[in-house]
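[1] Provide a 3D model corresponding to the input given below.
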Amino acid sequence: MSPARLLAFDTLRKVGRGGYASDLLASGALPLDPRDAGLASEIVFGVLRYQAQLDFLIEHYSGRPIRKLDFEVLLALRMGIYQLRYLDRIPPHAAVSQSVDLVKSMGFRSAVGFANAVLRKVGREAVAWPNRAVELSHPEWLLERWEREFGREATTLLARANLRAPETYIRIPPGSVTAPEISVEPTEISGCYRLIAGEADTFRIQDIGSQSVVPLLDLGPGQRFLDLCAAPGNKTAQALESGVRAVACDFHAKRVEMLKRLGADVVHLDGTRPLPFGRRFDRVLLDAPCSGTGTLARNPEIKWRLQPSDLQDLHDRQVMLLRNALETLTPEGLLVYSTCSLEREENDGVVEALGLVPAHVMRRIPGVHAGDGFFAAVIRSR
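    All right, here's what the predicted structure looks like:
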């Protein structure tokens with residue numbers, strides 16, 4: 001059995017139980033050589049991005065509803081069809097035999113013949129997708145929401161962008177020197193570069209959407225700066241470049257540990273409760289926990305898990321966070337509320353719930369703008 005395919009299968013099975021692909025691959029790939037780790041990552045993210053198309057193709061080639069298949073058999077078929085139809089450098093016999101071996105190794109010997117027969121029918125001929133949700137491999141309810149909010153053309157660009165591997169952007173603070181082994185391209189955001197070739201090495205990988213938020217704070221040396229939901233700390237680190245006196249907070253103890261290497265004061269707290277600070281802050285960043293629908297290219301499992309009812313729960317928590325964050329501002333202070341969500345309930349709806357009128361609003365939509373989707377509202381102290 002190929003180590004890459006074993007890791008891909010194990011990762012997809014754990015994702016099905018609630019895990020996150022990027023975290024699972026980061027730990028699972030450590031013993032593998034880079035080529036196997038790369039193939040495992042390609043299969044996992046490809047299967048998750050194209051899941052709706054793959055499931056349609058399984059039914060198309062097998063004549064059997066996927067709901068009648070054991071989950072492990074379904075995963076092996078998704079992996080096999082993805083390699084056969086979407087990857088150019090995988091020999092068809094390897095994709096078929098390894099997928100069939102996965103079915104066998106999981107103890108589903110009665111399904112071995114079925115899996116083999118299905119995979120041997122798979123070709124690269126054009127397929128008439130039954131609907132737009134399958135063609136774009138997104139839940140219909142998400143597409144409908146985005147069309148109402150952004151229009152049909154932008155929604156198509158957005159959905160297609162979510163099917164592509166995201167580009168890599170790195171943070172090179174002004175005055176730093178790039179290593180000669182890497183090739184980068186500057187962006188419109190100071191210090192943000194697109195990585196063209198080479199490894200990031202000592203530079204921090206941070207998407208351009210994420211890097212677009214901190215400049216909205218208009219930071220300056222000596223300002224007291226609060227990052228209320230700071231982990232993993234990329235935006236705090238970017239803010240520290242301006243010479244601010246930073247306090248970085250988070251709710252989860254493990255994530256708080258990630259912040260201690262930054263050089264900021266670190267506080268473990270629950271931002272939905274009254275905040276413990278005796279002095280107020282000149283600048284506050286609330287990069288709120290959210291659905292993450294702006295990051296579906298890099299976190300494709302989210303689109304298959306998220307339910308419309310989840311958005312109200314997120315909204316309620318975000319309103320509490322923003323209400324408390326506002327209490328920490330100085331009379332002349334400025335707060336930026338941001339999410340990596342595209343959903344109105346988590347963005348404009350949160351700001352409006354508190355009767356706020358932003359001084360400026362930034363929206364980034366994947367496929368329309370480079371990088372992940374982001375929302376940010378600049379709010380001046382009342």
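[2] so how far is residue 201 from residue 184?
    Separation of residue 184 from residue 201 (CB to CB, to the nearest Å) stands at 12 Å. Placement of C-beta: from N, CA and C, glycine included.
[3] which SS state does residue 376 fall under?
    strand (DSSP: H, G, I helix; E, B strand; the rest coil).
[4] one more: residue 239?
    Assignment for residue 239 (three-state DSSP): helix.
[5] quick check: pLDDT value at it.
    Residue 239 is assigned a pLDDT of 97 by the prediction.
[6] just checking, it touches residue 225?
    Yes: using CB atoms under 8 Å, residue 239 is in contact with residue 225, at 5.7 Å.
[7] joint contacts of these two?
    Shared contacts of residue 239 and residue 225 (CB atoms under 8 Å, 6 or more residues apart in numbering): 217, 219, 246, 283, 285.
[8] so which helix or strand takes in the fourth one?
    The one in question is residue 283. Assigned by DSSP states H and E, residue 283 belongs to strand 281-287.
[9] please apply the same query to the second one.
    Secondary structure assignment for residue 219, by DSSP H and E: no helix or strand.
[10] how many other residues sit next to the nearest residue to it once chain neighbours are set aside?
    Spatial nearest neighbour of residue 219, excluding adjacent residues (CB to CB, 6 or more residues apart in numbering): residue 242 at 3.8 Å. Residue 242 is flanked by 18 other residues according to other CB atoms under 10 Å.
[11] likewise for the one 10 residues further on?
    The number of residues packed around residue 252, counting by other CB under 10 Å, is 12.
[12] per-residue pLDDT, it?
    88.
[13] before we move on, back to that, of residue 184 and residue 201, who's got more company?
    residue 184 (20 against 10).
[14] SS state for that one?
    Relying on three-state DSSP, one would call residue 184 strand.
[15] from residue 59, how far out is it?
    Counting by CB to CB, the gap from residue 184 to residue 59 is 44 Å.
[16] before we move on, what about residue 30?
    According to CB to CB, residue 30 and residue 59 sit 37 Å apart.
[17] same question, residue 380
    Counting by CB to CB - residue 380 and residue 59 are separated by 54 Å.
[18] residues touching residue 151, list them.
    So residue 151 contacts nothing (CB under 8 Å, 6+ apart).
[19] let's see that with 10 Å instead.
    Taking CB atoms under 10 Å, 6 or more residues apart in numbering, we find residue 151 in contact with residue 157.
[20] the helix or strand of the chain with the lowest mean pLDDT: which residues count as buried?
    The weakest-scoring helix or strand in the chain, judged by mean pLDDT, DSSP states H and E, is helix 253-259 (a mean of 89). Of all the residues in helix 253-259, those buried under the rule 16 or more other CB atoms under 10 Å are 256, 258, 259.
[21] my read: residue 302 touches residue 296, true?
    Yes: judged on CB atoms under 10 Å, residue 302 makes contact with residue 296 at a distance of 5.9 Å.
[22] where do the contact lists of the two overlap?
    48, 142, 162.
[23] nearest to residue 126 among these?
    residue 162 (21.9 Å; CB to CB).
[24] ok, that closest one - contacts?
    49, 136-138, 142, 293-300, 302-303, 366-367, 373.
[25] what mean pLDDT does stretch 121-133 get?
    On average, stretch 121-133 scores 94.
[26] thinking again about what came up before, mutual contacts of residue 184 and residue 201, please.
    With CB under 10 Å, 6+ apart as the test, residue 184 and residue 201 both reach 170, 178.
[27] please report the distance of residue 115 from residue 26.
    29 Å.
[28] go on, residue 95?
    From residue 95 over to residue 26 (counting by CB to CB), the distance is 25 Å.
[29] same thing with residue 230?
    Counting by CB to CB, the gap from residue 230 to residue 26 is 20 Å.
[30] the two: who's more crowded?
    Between residue 230 and residue 26, counting by other CB under 10 Å, residue 230 is the more crowded of the two (27 against 12).
[31] quick check: bridge partners of the residue nearest to residue 269 when sequence neighbours are not counted?
    Excluding its sequence neighbours, the residue lying closest to residue 269 (CB to CB, 6+ apart) is residue 249, at 5.2 Å. Beta-bridge pairing for residue 249 (DSSP bridges): residue 267.
[32] test my guess that residue 15 contacts residue 28.
    No: applying CB under 10 Å, one finds residue 15 not in contact with residue 28, separated by 11.6 Å.
[33] shared neighbours, those two?
    With CB under 10 Å, 6+ apart as the test, residue 15 and residue 28 both reach residue 44.
[34] still on that earlier bit, show me which of the contacts of residue 162 are buried.
    49, 136-138, 142, 293-300, 302-303, 366-367, 373.
[35] mind checking which of those are in strands?
    Among the buried ones among the contacts of residue 162, none falls in strands (DSSP state E).
[36] closest one to residue 316 out of the buried residues of helix 253-259, please.
    Using CB to CB, the buried residues of helix 253-259 come closest to residue 316 at residue 256, 23.6 Å.
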